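**Student:** Give me coordinates for this.
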Amino acid sequence: MFGIPGKQAVTITPKAAAQISKLMQNAGHAGLRIGVKKGGCAGMEYTMEYVDDADPNDEVVEQDGARVMIAPMAQMFLFGTEIDYETTLLESGFKFNNPNVAEACGCGESISFKDMPGA
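**Tutor:** As a prediction, this is how the structure comes out:
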């Protein structure tokens, strides 16, 4: 596990926790796994997928009925991130307030990190 002992890797706002909990109940899954992968216009992008079981190497964060698993490769990139859920007139979706991001594209889904080459 990456991070500080006793400190969660990510925090989840009440709105995000309610949405994740609702998705878990509706779909019948154990939680939501969050990761990062190469791609997008800024070099990396967030991934989200339903999971039925946590991988033994996942960091598991539980808050207000929501369960988020953080994939091992993503743990160092997501440490300190706040996961929020926003609803606007044009769209609704999860928003990652990530202190490790050096640059993000307009959609907010494609990012580059401070410790990556070229960042």
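**Student:** E86 reaches F96, doesn't it?
**Tutor:** No - in this structure, E86 is not within contact of F96 by CB atoms under 8 Å, at 11.0 Å. Placement of C-beta: from N, CA and C, glycine included.
**Student:** Helix, strand, or coil at F77?
**Tutor:** Three-state assignment for F77 (DSSP: H, G, I helix; E, B strand; the rest coil): helix.
**Student:** More neighbours: which of E86 and F96?
**Tutor:** Higher neighbour count among E86 and F96: F96, with 21 against 13, using other CB atoms under 10 Å.
**Student:** thought that one was touching Y46?
**Tutor:** Yes - with contact defined as CB under 8 Å, F96 counts as touching Y46 (6.1 Å).
**Student:** In this protein, what residue spans correspond to helices?
**Tutor:** Ranges of helices in the chain, per DSSP state H, are 14-27, 75-78.
**Student:** okay, those helices in JSON lines with mean neighbour count next?
**Tutor:** Below are those laid out as JSON lines (neighbours: other CB atoms under 10 Å):
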{"stretch": "helix 14-27", "mean neighbour count": "16"}
{"stretch": "helix 75-78", "mean neighbour count": "21"}
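**Student:** Turn these into CSV, including mean pLDDT and distance to M69.
**Tutor:** Formatted as CSV, the helices of the chain follow (pLDDT from 0 to 100; distance: least, CB to CB, whole Å):
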stretch, mean pLDDT, distance to M69
helix 14-27, 91, 11
helix 75-78, 88, 10
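**Student:** Same list (those) but as a markdown table, adding distance to D52.
**Tutor:** A markdown table is the format used below for the helices of the chain (distance: least, CB to CB, whole Å):
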| stretch | distance to D52 |
| --- | --- |
| helix 14-27 | 10 |
| helix 75-78 | 21 |
